[in-house]
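Peer 1: pasting the structure only:
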């Protein structure tokens, strides 16, 4: 297959471009970001991407701002026929036309099936690996990142970057070593592999299972003894509870007897108190009825006013007697005491003159004044005093007439004495009622009702207590019986303490046993067995995978080891000018080695016989690039099966010296006689290289 034309619309760097290619050697010259990589990616997408794909890598081919509407057309020759492949990623349609036909002969899945059936390399990844040689790969080889043999395996066997058949085999072998580490030789515990850890765990857990079984038998015996003691303790506790209940009810019976006596006494006291209050209320009622005979003014007087009334009666009797003895017209004599006092003051003043003159003057003047006042009032004062007494007597008589009516003074005294005696009896009855009723004396009726209710409640409580005592009658016990009951209770208590001590000893023995759960050990043993089986199975699986992978690698390397070296060696000899003409590929490891030419002085210096093999790692970066280029060209030749293949070279001669670059270009032109070669470069020196020159202007 070779590509005649690539037409692009809205693809990466191209708004619209139609790029024609020749079947031989093509040089695509473009500055950086000018579209070289875009062209290669477009070719790969055209042959292998579905137009309706949602892959981000494919959708990223759309030119910015085109809204995802881009189109790829490829005119190509295959098996002597010409075709046109159209993939429209906007309408999500693709089809294949025969040359000059207006209608497609295959669309959609039929078009993909046609390509898959007729392309020599129908797999996208394999096409990318075999038909695309990028300078980045040469750079990695030059920097000794991957080994050339492993890179060949990566190209043909799949994988990318660090995921290659060789790296996978190394990883699997490392995993297998990690699994079985310690099985064949002693290692530190932390370095044991999973299989060794599970093997050791199995041994330990099997010993633990035996130990756990023995401990379980001992624990079972202790638990059985504890259960028997618990049953005996339960019986003793039941006896103690029964004795305790019997004691409580016997005590309750005694207490009920005491309470019954107290309630009876309380009820009798309430009854007597109620009777006493009722008698006092009746007596007060009789007194109240008897007090109706006293006049209203007298009955309304309070105790304090009664004392004043009694004093008024005594004053009235005194005044009445005085007025009756004086005869009514006789003047009262002057008070003699004033004359005596005046004489004393004058005599005292005379005597005081001997000691203190001021005091003597004061006393004499006071005595003379008192004597003058006596002489002035001695005649008219007696008449005034008699008149004053007569007025007071009349006033007292009028006040007595208010409450005694027309009674005489003696009758009034008798009435007042009778009223005072009645009032004292009433007060005495009220005091006794207050003593009996307490704070409720002001509301005796309510107090009587309350007292009656309290008596009724006491009677009800007494009846209830008597009924309760009937229920406790079977527990009537005397003092000796109570003593025997106490002794029996104490004996059962001591028995319980003994059993509790023995049970505590069993508990301590049980707690001292090593805690090894048989089920837990069995479960862990089962898990360890499962883990061991899983690890052992992983070892078997890894062995099978390694064996299969090794066979596949040996089969592939064996097929290449016979066909690849002669072809790649010839290409290498052309590039290096005959310095390296023989190339070997190890049929087991795909390791590449080269042999310098027989006349090479550097290789033969100090050596005898045929030159030895040289590994690429011992050579310069440019030499390693040239070995890898020769191998890649040989792989394309072998994979093509005699059918021309497009080969895309992305500036592969960066590290070549001018002489070897010229030889490499000659080799590529020779290779282009059988296969289409498209060389991408930004170096303007390639303008003079024979072949078709396609210059990309950059972003359109």
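Peer 2: The structure has been received and is ready for your questions. Keep in mind that this is a model prediction, so the values were computed, not measured.
Peer 1: what sits up against the longest strand belonging to the chain?
Peer 2: Using DSSP state E, we find that the single longest strand of the chain is strand 2-11. For strand 2-11, the surrounding residues in contact (CB atoms under 8 Å, 6 or more residues apart in numbering) are 14-21, 23, 38-39, 42-43, 46, 61-63, 66, 69-77, 82, 644, 646, 675-676, 678. Quick note: C-beta positions are derived from backbone N, CA and C, even for glycine.
Peer 1: would you list every one of the helices in the stretch 551-700 of the chain?
Peer 2: 601-604, 621-640, 658-672 (DSSP state H, counting those that start in this stretch).
Peer 1: out of the ones you listed, flag the one nearest residue 267.
Peer 2: Nearest to residue 267, of all those, is helix 621-640, at 126.6 Å by CB to CB.
Peer 1: dump the residue contacts of residue 691.
Peer 2: Contacts of residue 691 by CB under 8 Å, 6+ apart are 22, 24-27, 669, 672.
Peer 1: among those residues, which ones are in helices?
Peer 2: Members of the contacts of residue 691 lying in helices (criterion: DSSP state H): 669, 672.
Peer 1: out of the contacts of residue 691, who's nearest residue 51?
Peer 2: residue 26 (26.7 Å).
Peer 1: I'd assumed residue 679 was in contact with the closest one.
Peer 2: Yes: with contact defined as CB atoms under 8 Å, residue 26 reaches residue 679; the gap is 6.8 Å.
Peer 1: backbone dihedrals for the most centrally placed residue in the chain, please?
Peer 2: Central residue of the chain (CA atoms, centre = their mean): residue 520, 30.8 Å from the mean position. Residue 520 adopts backbone torsions of phi -70, psi -40, taken as degrees, to the nearest 10.
Peer 1: re the thing from before, nearest to residue 453 among the helices of the stretch 551-700 of the chain would be which one?
Peer 2: Here helix 621-640 is closest among these (CB to CB), at 122.3 Å.
Peer 1: give me the buried entries from the contacts of strand 2-11.
Peer 2: Neighbour counting by 16 or more other CB atoms under 10 Å classes 14, 17, 19, 21, 23, 38-39, 42-43, 46, 61-63, 70-77, 644, 646, 675-676, 678 among these as buried.
Peer 1: what about those, which are in strands?
Peer 2: Among the buried ones among the contacts of strand 2-11, the residues falling in strands (DSSP E) are 14, 17, 19, 71-77, 646, 676, 678.
Peer 1: from these, which is closest to residue 94?
Peer 2: residue 72 (8.9 Å).
Peer 1: and the closest one, how far from residue 5?
Peer 2: 11 Å (CB to CB, to the nearest Å).
Peer 1: go on, residue 408?
Peer 2: With CB to CB as the criterion, residue 408 and residue 5 are 170 Å apart.
Peer 1: who has more neighbours out of the two?
Peer 2: residue 5 (13 against 10; other CB atoms under 10 Å).
Peer 1: list the beta-bridge partners for the more buried one.
Peer 2: residue 20, residue 75 (DSSP bridges).
Peer 1: look at it and report its pLDDT.
Peer 2: At residue 5, the model reports a pLDDT of 95.
Peer 1: do the same with the one 4 residues further on
Peer 2: Here the pLDDT value assigned to residue 9 is 92.
Peer 1: what's across from it in the sheet?
Peer 2: Assigned bridge partners for residue 9, using DSSP bridges, are residue 16, residue 71.
Peer 1: what's the local residue count around it?
Peer 2: Neighbour tally, residue 9, other CB under 10 Å: 19.
Peer 1: for residue 366, see how far away it is.
Peer 2: 156 Å.
Peer 1: same deal with residue 103?
Peer 2: Distance from residue 103 to residue 366, by CB to CB: 170 Å.
Peer 1: circling back to that earlier point, now the longest strand of the chain, how far from the centre of its chain.
Peer 2: Centre-to-centre, strand 2-11 and its host chain are 63 Å apart (CA atoms, centre = their mean, to the nearest Å).
Peer 1: what angle do it and strand 14-20 make?
Peer 2: 170 degrees (axes from the mean of the first three to the mean of the last three CA atoms, to 10 degrees).
Peer 1: and the helix or strand harbouring residue 401, what's buried?
Peer 2: Using DSSP states H and E, residue 401 sits within helix 381-404. By neighbour count on 16+ other CB under 10 Å, the buried set for helix 381-404 is 381-382, 386, 389, 393, 396-397, 400, 403-404.
Peer 1: roughly how far out does that helix sit from the chain middle?
Peer 2: Using CA atoms, centre = their mean, the offset of helix 381-404 from its chain centre is 106 Å.
Peer 1: now the helix or strand just after that helix: buried residues?
Peer 2: For helix 381-404, the succeeding helix or strand toward the C-terminus, using DSSP H and E, is helix 409-437. Going by neighbour count (16+ other CB under 10 Å), the buried part of helix 409-437 is 412-413, 415-416, 419, 422-423, 429, 432-433, 436-437.
Peer 1: nearest to residue 351 among these?
Peer 2: Nearest to residue 351 among the buried residues of helix 409-437, counting by CB to CB, is residue 413 at 53.1 Å.
Peer 1: before we move on, which element is residue 254 in?
Peer 2: helix 194-290.
Peer 1: tell me the angle that helix makes with helix 409-437.
Peer 2: Using the same axes, to 10 degrees: helix 194-290 against helix 409-437 is 160 degrees.
Peer 1: now helix 194-290: average pLDDT?
Peer 2: 82.
Peer 1: what is it packed up against?
Peer 2: Judged by 3 or more CB pairs under 8 Å, 6 or more residues apart in numbering; DSSP states H and E, helix 194-290 is in contact with helix 165-180, helix 409-437, helix 444-471, helix 479-512, helix 518-575.
Peer 1: tell me the helices and strands packed up against the second one.
Peer 2: In terms of contact count using 3+ CB pairs under 8 Å, 6+ apart, helix 409-437 is assigned the packing partners helix 194-290, helix 296-299, helix 303-326, helix 381-404, helix 444-471.
Peer 1: so where does residue 122 fall, helix or strand?
Peer 2: Applying DSSP H and E, one finds residue 122 in no helix or strand.
Peer 1: so what's it up against?
Peer 2: 115-116.
Peer 1: okay, it and residue 48: tell me how far apart.
Peer 2: Applying CB to CB, the value for residue 122 to residue 48 is 9 Å.
Peer 1: equivalent analysis for residue 176, please.
Peer 2: Distance from residue 176 to residue 48, by CB to CB: 37 Å.
Peer 1: then residue 547?
Peer 2: From residue 547 to residue 48 the distance is 33 Å (CB to CB).
Peer 1: for residue 89, same thing?
Peer 2: With the distance defined as CB to CB, residue 89 ends up 13 Å from residue 48.
Peer 1: compare neighbour counts for those two and give me the winner.
Peer 2: When residue 89 and residue 48 are compared for neighbours, residue 89 comes out ahead with 26 against 19, by other CB under 10 Å.
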